[in-house]
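Visitor: Starting from these lines, generate the structure:
(2 chains)
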Amino acid sequence: MSTMTSDTSIGIPSVADNLSDDPRRRAPLVVGDNNYATVTEKVCSVVERPKTPLAWYVAFGVSAALATYMVVLIGYLFWTGIGVWGNNQPVGWAFEIVNFVFWVGIGHAGTLISAILFLLRQHWRTAINRFAEAMTIFAVICAGLFPAIHVGRPWFAYWLFPIPNQMNMWPNFRSPLLWDVFAVSTYFTVSLLFWYVGLIPDLATLRDRAQTRLRSFIYGIFALGWRGSARHWHRYEVAYILLAGLATPLVLSVHSVVSFDFATSQIPGWHATIFPPYFVAGAIFSGFGMVLTLIIPCRKWYGLEEVITLRHLENMNKIILSTGMMVGLAYGTEFFIAAYSSNPIEEFTFINRALGPYAWAYWIMICCNVVVPQIFWSRAMRRSVPVMFVVSILVNVGMWFERFVIIVSSLNRDFLPSSWHYYSPTWVDVSMLIGSFGVFFTLFLLFLRFVPMVAIAELKGVMPQPASTRRNAEAPHA
Amino acid sequence: MTRFLFPKTTNLLRPVLILLSVAVPVYAVAFVWYCFSPVTIDKGYAPAQPIPYSHALHAGELGIDCRYCHSTVEATGKASIPPTQVCMNCHQTVRSQSPKLAELRKSYSTGEPVEWVRVHDLPDYVYFNHSAHVTRGVGCSSCHGRVDKMETVTQVAPLSMAWCLDCHRNPSQNIRPKDQVTRMDWQPADAASQNTLVNHYGTKPSTDCSTCHR
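Guide: Now for the predicted structure:
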């Protein structure tokens, strides 16, 4: 043990990189000449910088402008009605539901990283979980927006909830749309709690390092009086693992329920038992794509490359490769079932999907989701930051098109050929998709500016303990 | 810089916060439930009419049948408001010079209808058919109350969706023999004979959304 120790005063091995797969030694999760103090400093300094960098202002200005645009568009939509969208019979669901499923799916990677990888003791998750959970919360906010505004009279959106009222009206509990309301709101609540509980020790760190009374007060309020006593830590750990246990089934259940919106209907192309696992795999696939898209520039700009290492990125690329093949398998299975069923309507739907008027969207989806990730079979590609950045964006594009293909191409040619209709989005549809990214990035940039983006306290738990604090530190052997 | 920790006095806030987190949602639901309800905002509506027409006198004291004036009630969805000519059937001779009837005489001579103020006004998204109810034994007074005692017509029922549904789900107390529909003082008989009547008529009111929201 001690033979590996470098001769720095605190006794942490200094490692240049952690890409070796040598099974005799567990790869370190933090590289470079780092110890507890430098990690705290690195993460906190981002938030504590007295002068906000100009680039942040530029990025925030653009995002906030788009978010404002979104608010204006929603006002226009409410004032005029949903006719401003391109949806019309038989395509009753289009961009708004595509965007909803897209954003909910994005969220799933965050919960997988924070809950499932935690329970499976995948320690590498520690560097990215805060980041991914924040992404989850903001993505679910963007997702929740769309179903709320797509009900024709949004001021009655509260009818979705079982609230006693003078109309004797009660939601229809047999409707998957209602299950959706519960699934997504539960998901949001648990994700927010999980994220916040994990934040408490780090907020206390920021409070203790605060240079002004106001900062100390604000972070102090949110740190809930954390003092770091053994009892605090004990309760924190218990609460954290309980929340991880609660969040774990949600990774699988939420997108399963979202898939029920389609699977329990009788539309060919939607009515398939494969949908729940197919949607969950797709959600994790797209979520990891989004985590990579966000984390690659952030680790560079904020100098966190020694904490969020190339090994972390490579691990995520492996998940993208495997989940990408799962969705590929699902695409193939759908076609097999359509052929094997010998149901002419089912067969027509899938031939129409690949060769019909929306074939362009279908093949974008296949290229982005199935073909492109295959590049990650190559180790060099898995470790190339520019390559993975491009792939991550293509995965996002592909997964957005997957939802578009499922929703629109199943609807546009229904049972009655006289009502076939080629759906095209209006400028409002497209603007709202862009606007939702504005909302997302506005929230995300605020997160980067005011909240530590790496779980500092947890990260220290997966770093080697410095010799000076080891209770049973042995004297170094000669 | 001293770090901020909650002063001990803030512990006193804990029960207050717990109480508020329960009380505020409960209050909000109860507030909307009661205060936005037609029971609160519509029931008891009794607008002044251009002519102080008394149902208490005509339907009560004189005993004129509802259908003499509201003649379409059994045949169509709407219970018509009588045209001036119906009033003049009697009032050409009865109290023909009464100052209270000045508006009526004006209407008769000009041909402009009297602008009665509508009392029972359902929202436009609700389909209601009078004949469907009256011809199946739902009496006038079941919804409109004792009109024969009203000097000014007053809305006595809330006309809320819950109120409609209450009867559609369990109509037995409001079904009467079909020849009694315009009787104002009708009271339901005992439960057993009411149920017999409902079974005899085969009354099965629909509660599908599209029954009323077409």
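Visitor: which outside residues touch stretch B:123-142?
Guide: For stretch B:123-142, the surrounding residues in contact (C-beta atoms under 8 Å, 6 or more residues apart in numbering or on different chains) are B:66, B:72-79, B:122, B:143, B:147, B:167, B:171, B:174-178, B:180-186, B:197, B:201, B:203, B:211-214. Heads up, the C-betas are built off the backbone N, CA and C, glycines and all.
Visitor: mind checking the end-to-end distance for it?
Guide: 20 Å (C-alpha to C-alpha, to the nearest Å).
Visitor: Buried residues of it, list them for me.
Guide: B:H130, B:H133, B:V134, B:G137, B:V138, B:G139, B:C140, B:S141, B:S142 (16 or more other C-beta atoms under 10 Å in any protein chain shown).
Visitor: so who does A:L160 touch?
Guide: Each residue near A:L160 by C-beta under 8 Å, 6+ apart is listed here: A:V151, A:P171, A:L177, A:L178, A:V181.
Visitor: what's the burial count for the fourth one?
Guide: Put plainly, it is A:L178. Counted with other C-beta atoms under 10 Å in any protein chain shown, the neighbours of A:L178 add up to 16.
Visitor: How is it assigned, secondary-structure-wise?
Guide: At A:L178 the chain is in helix, as set by DSSP: H, G, I helix; E, B strand; the rest coil.
Visitor: For it, give me its contacts.
Guide: For A:L178, the contact set (C-beta under 8 Å, 6+ apart) comprises A:L160, A:P171, A:N172.
Visitor: Kindly reformat the residues you listed as CSV containing pLDDT.
Guide: Listed next are those as CSV, based on pLDDT from 0 to 100:
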residue, pLDDT
A:L160, 87
A:P171, 90
A:N172, 89
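Visitor: I'd like those residues laid out as JSON lines, including secondary structure.
Guide: Compiled in JSON lines, these are given as follows (three-state DSSP):
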{"residue": "A:L160", "secondary structure": "helix"}
{"residue": "A:P171", "secondary structure": "coil"}
{"residue": "A:N172", "secondary structure": "coil"}
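Visitor: and which of the contacts of A:L160 is nearest to A:Q266?
Guide: Set against A:Q266, the nearest of the contacts of A:L160 by C-beta to C-beta is A:L177 (15.0 Å).
Visitor: List the contacts of the closest one.
Guide: Taking C-beta under 8 Å, 6+ apart, one finds A:L160, A:D261 in contact with A:L177.
Visitor: For it, report the pLDDT, please.
Guide: Looking at A:L177, its pLDDT is 90.
Visitor: Kindly report the same for the one 10 residues further on.
Guide: According to the model's per-residue confidence, A:Y187 sits at a pLDDT of 93.
Visitor: residue ranges with poor pLDDT in chain B?
Guide: B:1 (pLDDT under 70).
Visitor: closest point of it to chain A, which residue?
Guide: Distances from chain B to chain A, computed as C-beta to the nearest C-beta, single out B:F4 as the nearest residue at 3.0 Å.
Visitor: just checking, that residue touches A:F217?
Guide: Yes: B:F4 is in contact with A:F217 according to C-beta atoms under 8 Å; the separation is 4.8 Å.
Visitor: With B:A162 as the reference, measure out to the residue lying closest to A:D208 once chain neighbours are set aside.
Guide: Closest residue in space to A:D208, ignoring its immediate chain neighbours: B:R3 at 5.0 Å, by C-beta to C-beta, 6 or more residues apart in numbering or on different chains. B:R3 sits 55 Å away from B:A162, going by C-beta to C-beta, to the nearest Å.
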